[in-house]
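Dropping the sequence and predicted coords here.
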Amino acid sequence: MLKKILIGAAGVLLLACVVSLFIPSRYTIERSIVINGDAADIYPYVNNLKRWQAWTPWTKEKYPTMEYSYAGPEEGVGAISMWKEESGSGKLTITRSDSLTGFEYDLEFDEGEMKSKGMIRFERVGQGTRVSWKSTGDVGMNPIGKYFTLFLDGMLGPDFESGLGKLKALVERPS
């Protein structure tokens, strides 16, 4: 009986590994919102990583044990935000910054175990600016990572939406 259980478990594991070969290793998460304002109104909130606390969903309110630190320049290319929390640590580094089009960043979790690229883009539309927040990455051939990518959009997409909604409220609030 134990032998049948072990053979069955091995078969399921083997099947899961074979199926993972057909799951893409690359992932993309993207959300956007139109903010009534110019890129110049939005840029200061995204280019200075210390100001992210006012709009991102990943704050001490949601993660009370989170500790943030910063390195490099105050804003723009080379600015770094690092954090530690019970579930892990991370680092975000601005790699490209432009006040008219937005910026790009490198993101790593758990000492570089998981890496991704991100960007926040500005596009003029009518009387406002479309702000698009995008993250892309590649988990390689790791079967567990490939299954994980199937859930990333559903897990992080709502956080991107929440953050963009807060950013919109900040930019559009009366002075």
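Nice, thanks for sending it over. Numbering: from 1, shown residues only.

Thr149: how many residues sit nearby?
When counting by other CB atoms under 10 Å, one arrives at 19 neighbours for Thr149. From N, CA and C alone the C-beta is placed, and that goes for glycine too.

whoops, Asp38 was the one
By other CB under 10 Å, the residues close to Asp38 number 16.

ok, now which ones touch it?
Neighbouring residues of Asp38 by CB atoms under 8 Å, 6 or more residues apart in numbering: 124, 129.

any idea how far it lies from Leu164?
Between Asp38 and Leu164 the computed distance is 16 Å (CB to CB, to the nearest Å).

same thing with Ser20?
32 Å.

who's more crowded, these two?
Leu164 (22 against 16).

Give the phi and psi angles for the more buried one, as a check.
Main-chain dihedrals, Leu164, degrees, to the nearest 10: phi -60, psi -40.

Provide a list of residues in contact with the closest residue to it other than its chain neighbours.
Closest residue in space to Leu164, ignoring its immediate chain neighbours: Ile33 at 4.2 Å, by CB to CB, 6 or more residues apart in numbering. Ile33 is in contact with 130-131, 161, 164-165, 167-168, counting by CB under 8 Å, 6+ apart.

can you do 7 Å?
131, 164-165, 168 (CB atoms under 7 Å, 6 or more residues apart in numbering).

One more: Leu2?
Contacts of Leu2 by CB under 7 Å, 6+ apart: none found.

The residue nearest to Leu164 looks like it's in a strand, true?
Yes. Assigned with DSSP: H, G, I helix; E, B strand; the rest coil, Ile33 falls within a strand.

which of the contacts of Ile33 count as buried?
Neighbour-count burial within the contacts of Ile33 applies to 131, 164, 168; the criterion is 16 or more other CB atoms under 10 Å.

now those in JSON lines, with distance to Pro143 and pLDDT?
Formatted as JSON lines, those follow (distance: CB to CB, whole Å; pLDDT from 0 to 100):
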{"residue": "Val131", "distance to Pro143": "35", "pLDDT": "98"}
{"residue": "Leu164", "distance to Pro143": "33", "pLDDT": "97"}
{"residue": "Lys168", "distance to Pro143": "39", "pLDDT": "97"}
